[in-house]
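Novice: one predicted model, sequence on top.
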Amino acid sequence: MDIKEAGLEFGVKIQNALIQIRADQQELAQDLTERINGVGNQVKRLEGKCDAKFAEIDKRFEAVDKRFEAVDKRFDAIDDRFDKVDDRFDTMQDTQTTMMHILVGIQRKLDAD
């Protein structure tokens, strides 16, 4: 084998090695693309699950808010009732004080006679 044949054979081997390296790179790029797409799909599924959970939590918060509003209305009604009862006690106390003054006046008149 002369130097020309050896050089030609060496060049063919290098070319074949480069072709194999390019094929390996393309295969790795394809695998990487598939993995990236898989991760993207997983992220989309997780995002969908998170959106569903957040929607469920929002519904629960809305239900709790409605309950608090109902409780607030009840407390307002109770406050109104206490105000009415307080007014009644004030009126009754004024009436009792007036009656006591009348009774004291009658007692004084009886004691004076």
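Specialist: Noted; the coordinates are in hand.
Novice: and the helices in this protein?
Specialist: 3-112 (DSSP state H).
Novice: flag the shaky bits of it, pLDDT-wise.
Specialist: Applying pLDDT under 70 to the chain picks out no residues at all.
Novice: quick one: furthest residue from the center of it?
Specialist: Asp113 (82.1 Å; C-alpha atoms, centre = their mean).
Novice: measure that residue to Val104 for me?
Specialist: Asp113 is 15 Å from Val104, where distance means C-beta to C-beta, to the nearest Å. Every C-beta, even on glycine, is put in place using the N, C-alpha and C of the backbone.
Novice: tell me which residues in stretch 71-82 are buried?
Specialist: For stretch 71-82, a neighbour-count test (16 or more other C-beta atoms under 10 Å) marks nothing as buried.
Novice: can you list contacts of that stretch?
Specialist: Residues outside stretch 71-82 that contact it (C-beta atoms under 8 Å, 6 or more residues apart in numbering): none.
Novice: just checking the distance from it to the centre of its chain.
Specialist: 29 Å (C-alpha atoms, centre = their mean, to the nearest Å).
Novice: again with stretch 7-20
Specialist: 63 Å.
Novice: using PDB, write out the CA atom coordinates for it.
Specialist: C-alpha atoms of stretch 7-20 as PDB (Å, rounded to 0.1, in the frame of the first residue of the first chain):
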ATOM      1  CA  GLY A   7      -3.900   8.900   2.700                       C
ATOM      2  CA  LEU A   8      -7.100   8.200   0.800                       C
ATOM      3  CA  GLU A   9      -8.100   5.400   3.300                       C
ATOM      4  CA  PHE A  10      -7.300   7.800   6.200                       C
ATOM      5  CA  GLY A  11      -9.500  10.500   4.600                       C
ATOM      6  CA  VAL A  12     -12.300   8.000   4.200                       C
ATOM      7  CA  LYS A  13     -12.100   6.900   7.800                       C
ATOM      8  CA  ILE A  14     -12.100  10.600   9.000                       C
ATOM      9  CA  GLN A  15     -15.100  11.300   6.700                       C
ATOM     10  CA  ASN A  16     -17.000   8.200   8.000                       C
ATOM     11  CA  ALA A  17     -16.200   9.300  11.600                       C
ATOM     12  CA  LEU A  18     -17.500  12.800  10.900                       C
ATOM     13  CA  ILE A  19     -20.700  11.300   9.400                       C
ATOM     14  CA  GLN A  20     -21.100   9.100  12.500                       C
END
